[in-house]
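Engineer: quick one, fold the following:
(2 chains)
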Protein chains: 2
Amino acid sequence: MNEIHLFAPATVANVSCGFDVLGFALDSVGDWMTIRRNNVGELRITKITGQSLPMEILKNVSGVSALALLKAYGGEQGFDIEIEKNIKPGSGIGSSAASSAGAVFGINELLGKPFSKEELVGFAMKGEALAGGTEHADNVTPCIFGGFTLIQSCQPLRVVSLPSPEELYAVVLHPQIEVKTSDARAILKTHVLLKKAVRQSGYLGGFVSGLFMNDYNLIADSLKDEIVEPARSMLIPLFDEVKLAALENGALGCGISGSGPSIFALNRGEKIAGQVAEAMRKVYQKSQIPFDVHLSKVNPQGIKVD
Amino acid sequence: MNEIHLFAPATVANVSCGFDVLGFALDSVGDWMTIRRNNVGELRITKITGQSLPMEILKNVSGVSALALLKAYGGEQGFDIEIEKNIKPGSGIGSSAASSAGAVFGINELLGKPFSKEELVGFAMKGEALAGGTEHADNVTPCIFGGFTLIQSCQPLRVVSLPSPEELYAVVLHPQIEVKTSDARAILKTHVLLKKAVRQSGYLGGFVSGLFMNDYNLIADSLKDEIVEPARSMLIPLFDEVKLAALENGALGCGISGSGPSIFALNRGEKIAGQVAEAMRKVYQKSQIPFDVHLSKVNPQGIKVD
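Structural biologist: Numbering: from 1, shown residues only, chains lettered A, B, ... in the order given. Next up, the predicted model:
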């Protein structure tokens, strides 16, 4: 195999109750990438459509991630990467993660899968560091593994693939404003009340259990964030109104996707998801802020090879 | 039915990774209680053997718990409670919880089960408040529900019954020293580093997943406590030595049971549990402190009616 064409999905990190440990992959939103071996023995980004992004290897997250993999693999391998970029950078649904994960996943396939999925996450985190200043795994993990993922441990990296109940549909509203990941980090306090951390751990445990038990009520009751959302939601115009509209229209839960500005809702069934999407849209239509709305099943497999 | 004879098990709260939210029930350690209707229309504690404890209703945790239930039930019901107290008070394996939970469970059975298990936990928490100063549910919940339990939320109380992998055996070493629950609480800081809370939530999520997936490696990797154990273990002589001995002899994990002083270890299979018990015992034999060691399967059903 000398060429691979793949879909790298957008992802929602944190998922309200699992700050920095939980994430899931979307099914109908993502980037397309083509990766092929070249004869020049070096890594190149040969084409980017959809967004204006640097094509220099060391300035592009997919280049940095791919280089990390090739360094670990050794030898003189050359690849060309083409990216059809559909996920807007800075949207909070794992734009850089999709490019990073897609690049390392694709090259790994062409090399005959020398690396495990967890190792691929490690390479893709190098791209995340270029984009956000820190090596974080919350988006690249669900992008590569699919479905819901839990980062049980960062060092060493240990990922748990959680079940994805069949009827879960996500809605994502992306307000086209800029929230820098670094600002979203800075707004958080370094310490949290132990009592709150305990309550939050009950929600995380409940959510994980709800996924295993296919218990939508338990999932709904557990989609809560008492620690991060109260601070970060201030950076997102109309957050409270959007959330209220989503919940009033039947969403299981609604919160900030990653570090924002996107707002996600999880819903049982496509019909309710449609109503929730419409209700969230209506709130933003009253504002002057341009926005997109995505409706998608949870993607159980992560990156898909075409 | 006018009389019931039941076994109320000892319990291990916190279980390293789930401070204030996780617990499990033991199978071979616990109190026996007999509860029977009387004709005098009032609640009485008529006999306590095994330990010296107050028989006045308002000074005894089972009395206080039973009264809370009877108040909610209404009417003029009278019951006599007899307790064969095998769990030593202050041991850290839910001594007061067993008496509280046993009393309300037994009376509920005799009344024809008007209350749910979650409601029974609420009544038994009144007894816990008498014993420890706060209404906490971490021991009464596994005592009543059995197996591993997660307190998803305290208000309203929502309990999740988690699966108990077949081969799990617990070892509990009880050093006969006094660690007051109030002291064990006071030693904890009110705030915790957000980073630590995140890491700890990964372990909790991993442990819950491990129970559902029957994955003993994941369970072992998740039995970690970076927040409470470093502080509380200072109150327990030889804790580090006991833990090291347990892990070196094959325990999946080892930590403080509830607020101590008991030390628990979880193990895969009875044989390893026996070796771990022996290793833990050896450490304490070198000290001047009297101690007990219990070895028990995880009890999947909680309170058992004889």
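Engineer: mind checking pLDDT for the residue in the stretch 201-306 of chain A that chain B sits nearest to?
Structural biologist: Closest residue of the stretch 201-306 of chain A to chain B, CB to the nearest CB: residue A:206 (3.4 Å). For every residue, glycine as well, the C-beta is placed using N, CA and C. Here, the pLDDT recorded for residue A:206 equals 98.
Engineer: and it, how many residues sit next to it?
Structural biologist: 29 (other CB atoms under 10 Å in any protein chain shown).
Engineer: quick check: the gap between residue A:120 and chain B.
Structural biologist: 19 Å (CB to the nearest CB, to the nearest Å).
Engineer: average pLDDT for the helix or strand harbouring that residue?
Structural biologist: Using DSSP states H and E, residue A:120 maps to helix A:117-132. For helix A:117-132, mean pLDDT rounds to 90.
Engineer: can I get that helix as PDB, trimmed to CA atoms?
Structural biologist: Taking C-alpha atoms only, helix A:117-132 is exported to PDB below (Å, rounded to 0.1, in the frame of the first residue of the first chain):
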ATOM      1  CA  LYS A 117      -2.900   3.200  19.000                       C
ATOM      2  CA  GLU A 118      -1.600   4.400  22.300                       C
ATOM      3  CA  GLU A 119       1.800   5.100  20.700                       C
ATOM      4  CA  LEU A 120       0.000   7.000  17.900                       C
ATOM      5  CA  VAL A 121      -1.700   9.200  20.500                       C
ATOM      6  CA  GLY A 122       1.800   9.900  21.900                       C
ATOM      7  CA  PHE A 123       3.100  11.100  18.500                       C
ATOM      8  CA  ALA A 124      -0.100  13.100  17.800                       C
ATOM      9  CA  MET A 125       0.300  14.900  21.200                       C
ATOM     10  CA  LYS A 126       3.400  16.500  19.700                       C
ATOM     11  CA  GLY A 127       1.200  18.200  17.200                       C
ATOM     12  CA  GLU A 128      -1.200  19.300  20.000                       C
ATOM     13  CA  ALA A 129       1.700  20.900  21.800                       C
ATOM     14  CA  LEU A 130       2.500  23.000  18.700                       C
ATOM     15  CA  ALA A 131      -1.200  24.100  18.500                       C
ATOM     16  CA  GLY A 132      -2.000  24.600  22.200                       C
END
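Engineer: tell me the helices and strands packed up against it.
Structural biologist: Using 3 or more CB pairs under 8 Å, 6 or more residues apart in numbering or on different chains; DSSP states H and E, the elements in contact with helix A:117-132 are helix A:61-73, helix A:95-110, helix A:140-145, strand A:158-162, helix A:181-186.
Engineer: who does the fourth one touch, helix- and strand-wise?
Structural biologist: Yep, that's strand A:158-162 we're talking about. helix A:117-132, helix A:140-145, strand A:148-153, helix A:194-213, helix B:194-213, helix B:216-222.
Engineer: out of those, flag the one nearest residue B:21.
Structural biologist: With CB to CB, the closest approach to residue B:21 among those belongs to helix A:194-213: 4.7 Å.
Engineer: distance from the closest one to the middle of the chain?
Structural biologist: 21 Å (CA atoms, centre = their mean, to the nearest Å).
Engineer: report the buried residues of that helix.
Structural biologist: A:194, A:197-213 (16 or more other CB atoms under 10 Å in any protein chain shown).
Engineer: got a markdown table for the helices and strands packed on strand A:158-162, with distance to residue B:174 too?
Structural biologist: Formatted as a markdown table, the helices and strands packed on strand A:158-162 follow (distance: least, CB to CB, whole Å):
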| stretch | distance to residue B:174 |
| --- | --- |
| helix A:117-132 | 40 |
| helix A:140-145 | 41 |
| strand A:148-153 | 31 |
| helix A:194-213 | 25 |
| helix B:194-213 | 23 |
| helix B:216-222 | 23 |
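Engineer: circling back to that earlier point, can you say which of the helices and strands packed on helix A:117-132 is packed in most?
Structural biologist: Compared across those, helix A:140-145 shows the largest average neighbour count, a mean of 32 (mean count of other CB atoms under 10 Å in any protein chain shown).
Engineer: need the contact partners of it.
Structural biologist: The contact list for helix A:140-145 (CB atoms under 8 Å, 6 or more residues apart in numbering or on different chains) reads A:8-9, A:11-13, A:23-25, A:94, A:97-98, A:100-102, A:105, A:117, A:120-121, A:124-125, A:127-128, A:148-149, A:151, A:159, A:161, A:302-303.
Engineer: got a list of what the residue of the stretch 201-306 of chain A closest to chain B touches?
Structural biologist: A:17, A:218, A:221, A:222, B:150, B:152, B:153, B:158, B:160.
Engineer: ok, now residue A:62?
Structural biologist: A:33, A:45, A:81, A:83, A:99, A:100, A:102, A:103, A:127.
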